[in-house]
Each structure stands twice: as structure tokens, then as C-alpha cells.
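Enquirer: 3D, please:
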Amino acid sequence: MADGSGRVAQDARERAYSTPLADFNVGDPELFLTNTHWPWFERLRAEEPVHWCRDSEFGPYWSVTKYADIMAVDTNHQVFSSESALGGITIRDAAPELRRASFISMDPPKHDAQRKTVSPIVSPSNLANMEPIIRERAARIMDELPIGETFDWVDRVSVELTTQMLATLFDFPFEERRKLTYWSDVATTAPMPGALVETEDEKQAILMGCLDYFVGLWNERINAPPAGDLISMLAHGEATRNMDRNEYLGNLILLIIGGNDTTRNSISGGLLALNENPDQYEKLRGNHDLITSMVPEIVRWQTPLAHMRRTATADIQLRDKTIRQGDKVVMWYVSGNRDEEAIETPNAFIIDRERPRQHLSFGFGIHRCVGNRLAEMQLKIVWEEILKRWSKIEVVEEPVRVRSSFVKGYETLPVRIVG
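Expert: Residues are numbered from 1 along each chain as shown. Sure, this is the predicted structure:
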């Protein structure tokens, strides 16, 4: 893999440590596109763990960057609200007329009732039923990969496996499954020239097309006996069957992104991490049982969602700062997962950590990721199937990262199977 990253990292560190803290804007998507956000968060953790950004493209916001403080915010839904009407869960505010409720952007009791409606999809018994399906698909995907040729791991493996899983969860027409990937990417893209969508109107038109498609599936499922897929669960669930179109779309987007982006970017990020840490790859080759502890370490290392946002519903003190009612508060999971006070040697990728599940990537409290065990199972199966076949998959070019301070992921990851 070509390495021009050393000079870039040094330049980023010099900028981060020469910029006045009052001018920090760690939400700048360019920092994530260029993978240069690390020293900015490192400095905030050391010098101003709770930081006020007075101005940005997202407006003013608080950054919470330390593990313990993030947990304190994440577990206090009474003061730190997820409500879409207050701005929702991302640093980027939607215009009021475009805000869509979903159970992740609700507070109790409505949140609890809607989450309970879909949670059976990831029950232990259902996961046990899905495991052989995932393994069969992962094996087929691996067997179709070219040997000795460069190909895009994101498209051929990460996207394909997770999109097949999504199609199963929704009982979505399998041959049209790539629509799910497209809608997920559109939903998380900030419109701008040259982007996947260039204007907000274009984005909303595509999402309305997504809604129309799923309304058709809803109408099929509501007129059939209750079944085990997500659309049927929503259509027949007491807490969800009377949703309006906007709330239905909000929950669809949540489930599509939650079931797609996070797992797919961890599948890509894990391969990249092993290539960047060849001693760990060698350790894995020597002991395949380490997959069990490697999977949560990948999820920590990648942190596929860089942040979650809350809105303060009352004045509250956090460390030495007073957060005011109505303030936007951003929990930077990507920073908390590198907090030296909470995680030993956090900047090292270590596949046999003693406590690999000590990370923030799935969140805490009432909004902890409902599909975390499904995500880990997919990662585990992928690596078991890889190691059955090959000793080395080599990253041959720098990945193209997503320009987002919310979804921390990859557009492309060129690789070659070398044996």
C-alpha cells in the first residue's frame, strides 16, 4: 500500500497544535475525508475535553471527547434529548420541515415502544437461524473473488454481504437489493456539487422514491398475517402501525443505515487495520481463535459512526462547562474510543486485548445499538471464511474515505488476494 500518510499526519498534528482552541471545529468533514482528525481530538481530550465550537457549517455545538463524559451524556436521556423536533442525532440539523422521527430520534416512552417492536429481529434465536444463511452467502462471495487481481473490497465484499443481509431483514426483493445501498448512501450524503446528490431537492426526491417503494411493501405485509421481517413487524406492531409517512421513512432510513453502513465499514476497516498492523495479521494467521476478540477490536478501531448528537433540555454542568438548554451536544465516539484514561494503549490495534468490548461504538443507555450482536456475527463469519481460504489479502492503494463526520467509512478499498 502506498504510504504518503506520514507527511499528512505530521502536517495535521502541526495544524492541530498551532490552531487556537477557540477556533477548533472537529466536525469539519474534510478532517474525516483526509483521516487527519486524530490530533485535533487528542488535543481536545488533553486540554479542553468539553469544548464549545462557536461557529461551523452546522452552527455552534459542544464537543464531548472523553470516554467517561460521553457515557454520562449517553446515559442521561432526561437532560440530553434525541428528539427529532429538537434537531435529532447528528451534528447536521435538517430543516424543520425535513425532520423525520424514528425511534433513535425519540425519547421514552415512544422510543421504548417502537424499539421493542423491531428488537425480535435480533433475538438470540433469530440470530441462530440467520447464522447459516450469512455463512453460505459469505462463502459464495469469497469464492467469486478474483485471485491475484486488484478489486474493490468495499463493493465486492463489504457492501454485497451487508446488502444481502438487509434484504433478508426486510424481506426485500433480493434482485433489487442494491437499491438499499443507494438509499443508505443518499440518506447520509450532504448535498454539494460533485457529491452523490448535489441539492437537497434531489436528495428528498430520491428518499420519497424510497418511501413509495416501501409503502408498497407495507401494503403487502399489512394485508398478510404477521411475519418475522422488519416491514411486517412495523406494519403489525401496536406502537408503529399508525405511523405517518414521514415517521415510516424515518424508521426505514434508521434501519437501512444501521444495518448497512456500520457493518460494511467495519468489514472494510478491519482488513485495512490488519494491513496497517502486519504483526497483528501474522498473529491472526497463527491463531484463528483470535477472531473472537478481534471483532470488537475492529469495531472500536473503526468506530463506524463517529458521533451521536443530543440537545440539552435543561442547563447542566459537565466538567467545568455549563451547557445551556437548547445547546447542541456532540458525543465523539471516535475520540472516546482513543481515550488513554479509559482504554490501555488506545492508539494500538491489538486483536487479543483483554477487554476488547470496552468501547463506545455501539453507544450506551437506551439507544445502545439494537443490532450490535448481528454486526459482530457478520464480522466473525467473514473472517472465518477468509482465513479458511487465504493467508493474506493485501491493501494495494490508500482507501477513499467518506466525506462525513457522522458515517466514518470507505467508498473504495483496492485490494489483491495474494495467497
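Enquirer: tell me the SS of the residue found closest to I343 once you drop the neighbours it is linked to in the chain?
Expert: Nearest residue to I343, sequence neighbours excluded (CB to CB, 6 or more residues apart in numbering): Q358, at 6.1 Å. C-betas here are computed from N, CA, C, even on glycine. Secondary structure assignment for Q358 (DSSP: H, G, I helix; E, B strand; the rest coil): coil.
Enquirer: so Q358 makes contact with A342?
Expert: Yes. With contact defined as CB atoms under 8 Å, Q358 counts as touching A342 (7.2 Å).
Enquirer: Spatially nearest residue to F174 (excluding sequence neighbours)?
Expert: Among residues not flanking F174 along the chain, A167 sits closest, at 5.2 Å (CB to CB, 6+ apart).
Enquirer: Around the one you found, how many other residues sit close by?
Expert: Using other CB atoms under 10 Å, A167 has 20 neighbouring residues.
Enquirer: so who does D107 touch?
Expert: Counting by CB atoms under 8 Å, 6 or more residues apart in numbering, D107 makes contact with 77, 81-83.
Enquirer: and it, how far is that from G365?
Expert: The gap separating D107 from G365 is 11 Å, by CB to CB, to the nearest Å.
Enquirer: joint contacts of those two?
Expert: Joint contacts of D107 and G365 (CB under 8 Å, 6+ apart) are H77.
Enquirer: Residues contacting stretch 11-31, please?
Expert: Applying CB under 8 Å, 6+ apart, the contact partners of stretch 11-31 are 34, 36-44, 47-48, 51, 53-58, 61, 63, 65, 91, 190, 307, 330, 332, 335, 403-405.
Enquirer: all strands in the stretch 151-300 of the chain, in order from the N-terminus.
Expert: Counting by DSSP state E, counting those that start in this stretch, the stretch 151-300 of the chain has no strands to list.
Enquirer: where do the helices sit along it?
Expert: 153, 160-170, 178-188, 200-222, 230-236, 245-276, 278-286, 291-302 (DSSP state H, counting those that start in this stretch).
Enquirer: need those helices in a markdown table with mean pLDDT and distance to P29, can you?
Expert: A markdown table is the format used below for the helices of the stretch 151-300 of the chain (pLDDT from 0 to 100; distance: least, CB to CB, whole Å):
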| stretch | mean pLDDT | distance to P29 |
| --- | --- | --- |
| helix 153 | 98 | 23 |
| helix 160-170 | 94 | 23 |
| helix 178-188 | 92 | 11 |
| helix 200-222 | 95 | 16 |
| helix 230-236 | 95 | 30 |
| helix 245-276 | 91 | 15 |
| helix 278-286 | 97 | 29 |
| helix 291-302 | 98 | 17 |
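Enquirer: export those helices to JSON lines and tack on distance to L318?
Expert: Below are these laid out as JSON lines (distance: least, CB to CB, whole Å):
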{"stretch": "helix 153", "distance to L318": "40"}
{"stretch": "helix 160-170", "distance to L318": "35"}
{"stretch": "helix 178-188", "distance to L318": "28"}
{"stretch": "helix 200-222", "distance to L318": "33"}
{"stretch": "helix 230-236", "distance to L318": "36"}
{"stretch": "helix 245-276", "distance to L318": "27"}
{"stretch": "helix 278-286", "distance to L318": "36"}
{"stretch": "helix 291-302", "distance to L318": "23"}
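Enquirer: Q10: which of those is closest?
Expert: Q10 lies closest to helix 245-276 among those, at 16.8 Å (CB to CB).
Enquirer: how far off helix 178-188 does the closest one point, in degrees?
Expert: For helix 245-276 against helix 178-188, the angle by axes from the mean of the first three to the mean of the last three CA atoms, to 10 degrees is 90 degrees.
Enquirer: centre of the chain versus helix 245-276, how much separation?
Expert: Distance, stretch centre to chain centre, for helix 245-276: 5 Å (CA atoms, centre = their mean, to the nearest Å).
Enquirer: do stretch 123-138 as well
Expert: Here stretch 123-138 is found 21 Å from its chain centre; the criterion is CA atoms, centre = their mean.
Enquirer: as a whole number, average confidence for it?
Expert: Per-region confidence: stretch 123-138 scores 94 on mean pLDDT.
Enquirer: Over to stretch 63-77?
Expert: 97.
Enquirer: now could you export just the CA positions of it as CSV?
Expert: C-alpha atoms of stretch 63-77 as CSV (Å, rounded to 0.1, in the frame of the first residue of the first chain):
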residue,chain,number,x,y,z
SER,A,63,-17.9,18.5,21.7
VAL,A,64,-17.6,15.8,24.3
THR,A,65,-14.4,13.9,23.7
LYS,A,66,-13.6,11.7,26.8
TYR,A,67,-14.9,8.2,27.4
ALA,A,68,-16.5,8.9,30.8
ASP,A,69,-18.1,12.1,29.8
ILE,A,70,-19.6,10.5,26.7
MET,A,71,-21.1,7.8,28.8
ALA,A,72,-22.5,10.4,31.2
VAL,A,73,-24.3,12.2,28.3
ASP,A,74,-25.4,9.0,26.5
THR,A,75,-27.0,7.5,29.7
ASN,A,76,-28.8,10.8,30.7
HIS,A,77,-31.7,10.9,28.2
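Enquirer: Quick check: buried residues in that stretch?
Expert: Neighbour counts over stretch 63-77 (16 or more other CB atoms under 10 Å) mark 63-67, 69-74, 77 as buried.
Enquirer: OK, contacts around V402?
Expert: By CB under 8 Å, 6+ apart, V402 lies in contact with 32-33, 188, 408-411.
Enquirer: what does stretch 337-353 rub up against?
Expert: 38, 41-42, 45, 65-68, 273-274, 276-277, 280, 283-284, 290, 293-294, 297, 300-301, 303, 336, 358-361.
Enquirer: Assign T311 to one of the three secondary structure states.
Expert: Per three-state DSSP, T311 ends up strand.
Enquirer: gap between N260 and M142?
Expert: 20 Å.
Enquirer: more neighbours, these two?
Expert: The neighbour comparison of N260 against M142 (other CB under 10 Å) goes to N260, with 23 against 18.
Enquirer: so that one makes contact with Q164?
Expert: No. Using CB under 8 Å, N260 is not in contact with Q164; the gap is 10.7 Å.
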